[in-house]
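[1] sequence unavailable; structure follows:
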């Protein structure tokens, strides 16, 4: 696999000068102020607060769970503070001056009315000594902005500079920026932020300060950040100015390439893209079609690699048609039901399966679950007939599943004592076996299948 981050620049060559200029103090001098580069759209129009509402440090999932009337009332309460006059300055808390969105340090956060999934965000900001601010991604805090010279905050990381995912747990990747990249006060700083799933990369003034780190969910660290949510510009007691705020929504094909490009050394392609050489089991139940291995209609045997694996990381793209069912066979012995004879079957199940089949699922049956043993988080599978990127790490008795950039399962099967329908899983102690697909007579498809043996790192 090749490193694919440069893909973004190749997709819009005309914008390359803009991205290079991020290391030169911003890009306002290269184009008209607040005019987006190719493939980007305005978040701030340079004139007024069109497209923004008020917001706060408030769980976006909780907000969306409110009744429509309660949600509207809460948003209205926040929004009315945006234009309230600050008695110290005599100006609205949020106002526009010379094409710059200005906040004096008070009022609710400028929050986009639109929600975003995967995206690339460009913006410039300028702030003052002792100020503290940030950028909330999908409503979750935050890409930190602060005074890197304020000694009283050195104990909490101010001296490391801006750009880190400050609300991540202490020591977690991304919490602190890898390099101090802030410019002196009075100068404009430029961010480029790429978010795919919960994976975030941040460039500040052309320097990468966060590399593909998982953004933790500040509101509930046991579950991933939302799949969609707003962008929020925080106010935190000091003046901050924003300009050239642009966003580009990232499609599924590009998102999958970004996820596959990170830490890709040592992976071996398990499928040649042409036939089923290197695979065993129900060969006749599968076909090579449209660049993928696909189950034939009504056929459902188990297909697995001829090689066996102990500890490994597998990456695979999965297409799940509406109402369909399948599974990833983990340490499969080559015979029997992968869900019980193997270490585990990691469920593959369409998000609309219950509706389509009028079925009531146990939580341990949803997509990504260790079938019958441990439930995965829901809500991160893409729409039917879109390709999903799934990474599975198997190490000892532990299994970790990352779907489209979100960690949906992190379990230790040795600690499982309760089973669905009280059916034990005799194979869960297996130390080695095949990797494969557990067919259930549905046309689920697979491609870009690669495995790295952990013992060979």
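    Yep, that arrived. Since we're looking at a predicted model, the values are computed, not measured.

[2] for the residue nearest to the spatial centre of the chain, list the residues it contacts.
    Nearest to the mean C-alpha position of the chain, by CA atoms, centre = their mean, lies residue 197 at 1.2 Å. Going by CB atoms under 8 Å, 6 or more residues apart in numbering, residue 197 touches 118, 224, 255, 259, 380, 402-406. Where C-beta positions appear, they are placed from N, C-alpha and C, glycine not excepted.

[3] as TSV, those with secondary structure would be great.
    Output for the contacts of residue 197, formatted as TSV (DSSP: H, G, I helix; E, B strand; the rest coil):
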residue	secondary structure
118	coil
224	coil
255	helix
259	helix
380	coil
402	strand
403	strand
404	coil
405	coil
406	strand
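
[4] mind listing what's buried along the longest helix belonging to the chain?
    Secondary structure assigned by DSSP state H gives helix 68-79 as the longest helix of the chain. By 16 or more other CB atoms under 10 Å, the buried positions in helix 68-79 come out as 74-75, 78-79.

[5] how about stretch 78-91?
    Across stretch 78-91, burial judged by 16+ other CB under 10 Å covers 78-79, 81-82, 86.

[6] which among the residues you listed gets closest to residue 330?
    Among those, residue 78 lies closest to residue 330 (CB to CB), at 46.2 Å.

[7] grab the nearest non-local neighbour of residue 192.
    Leaving out its chain neighbours, the residue that sits closest to residue 192 by CB to CB, 6 or more residues apart in numbering is residue 203, at 4.2 Å.

[8] mind listing the residues bridging to the one you found?
    Beta-bridge partners of residue 203, counted by DSSP bridges, are residue 192, residue 208.

[9] show me what contacts it?
    Residue 203 touches 22, 191-193, 209, counting by CB under 8 Å, 6+ apart.

[10] could you point out which element follows the longest helix of the chain?
    Where DSSP states H and E defines the elements, the next helix or strand beyond helix 68-79 is strand 85-86.

[11] now that following strand: how far from the chain's centre is it?
    Centroid separation for strand 85-86 versus its chain: 37 Å, with CA atoms, centre = their mean, to the nearest Å.

[12] gap between the residue nearest to residue 192 and residue 276?
    According to CB to CB, to the nearest Å, residue 203 stands 42 Å off from residue 276.

[13] check residue 194 too.
    36 Å.

[14] those two: which has the busier surroundings?
    Regarding residue 194 and residue 276, a neighbour count based on other CB atoms under 10 Å identifies residue 194 as having more, with 21 against 17.

[15] show me where pLDDT drops low in the protein?
    Per-residue confidence for the chain (pLDDT under 70) gives these ranges: 1-31, 456-457.

[16] quick one: the helices in it, in order.
    Per DSSP H, the chain carries helices over the ranges 7-11, 16-21, 60-65, 68-79, 252-261, 338-341, 353-357.

[17] tell me what the fifth one is packed against?
    I take that to be helix 252-261. Judged by 3 or more CB pairs under 8 Å, 6 or more residues apart in numbering; DSSP states H and E, helix 252-261 is in contact with helix 7-11, strand 189-196, strand 387-395.
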